[in-house]
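>>> Provide a 3D model corresponding to the input given below.
(one chain, ligands or ions: 1)
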Amino acid sequence: MLRRRTVLKGAGAMAASLALPGHGFAQGAGVKIGLILPMTGPFASTGRQIDAAVRLYMQKNGAEVAGRKVEVVLKDDTGTADVTRRLAQELIVNDRVNVIAGFGLTPLAMAVGPLATQAKVPAIVMAAATSSITEASPFIVRSSFTLPQVTVPLAAWGAENGIKKVVTLVTDYGPGIDAEKAFKERFTASGGEVTAELRVPLRNPDFAPFLQRAADAKPDAVFVFVPSGVGAQFMKQFVERGLDKSGIQLIATGDVTDDDILNEMGDVALGTITTHHYSAAHDSTENRAFVEAFRKANDNMRPNFMAVGGYDGMHLIYEALRKTGGGTAGEGLVNAMKGMAWQSPRGPISIDPQTRDIIQNVYVRKVERVDGELYNVEFATIANVKDPVKATKS
Ligand code: VNL
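A predicted model of the protein is given here:
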């Protein structure tokens, strides 16, 4: 009750402040972007990657667009939805930001939907990947990906490559449930069978009991989704339970073999088949330049899929501002983003004008050792994939 009252009061204050003349239109005034990320807590690697990518984008493209200075205000939500909501509200009402961006996990993105709608402030989702997020507000535009988008191609690959029985093992919240559903639907449509569906808690996960159940079911493969950063612990327990020697194949979304932690996993990760929209090993001129500049600016850190979501999110904001001639009215910016298409380090991408979600290539990859380091090496491409959940609905 108390919390509800606070939010309502905040919304009132927001409406009042937005009614002030000149909001966002003062000639020569700066454009402010409120960047809300988990910079501490269990998902800090996501914050670190996106923050670094945002800074790199500005370093390469300048801190000015359409004659206006761009200023990023970074806030740490620690990965807690209540904090994300409070920070978004403060940024909109007190700092008068023109855009909010970031959102490391689904509950954090969901928490700002109503605020974005009330304040008419674009919210660029650079990380979170549950399909339904873009439906939480007409002001949400996504530069990351959706779990169904990257999972369906893996289910198809498995069915075409001799895998008949699968146990699914996912983190028990939005993106994991999306992945579980998408995998089962596509895999069973091709005659495959999902013999068990296991869900592991998001907070302090212990994979051991679930891995034991997966081993006991003796499937051809285990399909796994865990969020970025958690894959190393998963892989360690996979080995401890002896699953690497059980003949059960590991297939996963690229969140598991995250470029940020892949090298730490060691040889056990070799041969893992995954599908995803970005690999640091993606072979293109744009990506080689991106990886090199990112490493150089960040103590040799390798960019992962979170980084590319942040980098492309900044491109969306910059190009939308260029199209509006520096205008920062929320509707104008979102309209300018709809249908935008460009070459990302991940390959060609665009924003679906109907759903405000990203359309992109999904790659099938295998973990290999290249020049002494582990990489997700792409070997097949499924071009221009839309989020399949919303594609079916519309
Ligand atoms: C989410 C999806 C988060 C995929 C992730 O890492 C990820 C999410 C933090 O929507 O919460 O890899």
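>>> number of nearby residues for the closest residue to R55 other than its chain neighbours?
The spatial neighbour of R55 that comes closest, neighbours along the chain excluded (C-beta to C-beta, 6 or more residues apart in numbering), is A297 at 7.2 Å. Glycine gets a C-beta too; all of them are placed from N, C-alpha and C. Other residues near A297 number 15, with proximity taken as other C-beta atoms under 10 Å.
>>> give me phi/psi at A297?
The main-chain torsion angles of A297 are listed as degrees, to the nearest 10 and equal phi -80, psi -10.
>>> F210 against T171, yeah?
No. Counting by C-beta atoms under 8 Å, no contact exists between F210 and T171, whose distance comes to 10.6 Å.
>>> list the residues that contact the residue nearest to R55.
Contact criterion C-beta atoms under 8 Å, 6 or more residues apart in numbering gives A52, R55, L56, Q59 as the residues in contact with A297.
>>> measure it to the ligand for me?
22 Å (C-beta to the nearest ligand atom, to the nearest Å).
>>> ranges for the helices of the stretch 101-250 of the chain?
106-119, 147-160, 174-189, 208-216, 231-240 (DSSP state H, counting those that start in this stretch).
>>> report pLDDT for S17.
At S17, the predicted lDDT confidence score is 48.
>>> which neighbours do F210 and T171 share?
Taking C-beta under 8 Å, 6+ apart as the contact definition, F210 and T171 share the neighbouring residues V200.
>>> returning to that earlier point: mark which of the contacts of A297 are buried, thanks.
Applying 16 or more other C-beta atoms under 10 Å to the contacts of A297, the neighbour count classes A52, R55, L56 as buried.
>>> the nearest residue to the first one once chain neighbours are set aside: neighbour count?
Sequence neighbours aside, N298 is the residue nearest to A52 in space, at 4.9 Å (criterion: C-beta to C-beta, 6+ apart). N298: 18 surrounding residues under other C-beta under 10 Å.
>>> can I take it that V367 is in a helix?
No. The secondary structure assignment for V367 gives strand rather than a helix, going by DSSP: H, G, I helix; E, B strand; the rest coil.
>>> closest to the ligand among the contacts of A297?
Within the contacts of A297, proximity to the ligand (C-beta to the nearest ligand atom) peaks at A52, which comes in at 15.4 Å.
>>> for the host helix or strand of that closest one, buried residues please.
Using DSSP states H and E, the secondary-structure element containing A52 is helix 44-61. In terms of neighbour count (16+ other C-beta under 10 Å), helix 44-61 has its buried residues at 44-58.
>>> now do the phi/psi pair for the most centrally placed residue in the chain.
With distances taken as C-alpha atoms, centre = their mean, A127 lies nearest the centre of the chain, 2.7 Å away. With angles defined as degrees, to the nearest 10, A127 sits at phi -140, psi -60.
>>> repeat that for G347.
Its backbone dihedrals place G347 at phi 130, psi -170, with angles given as degrees, to the nearest 10.
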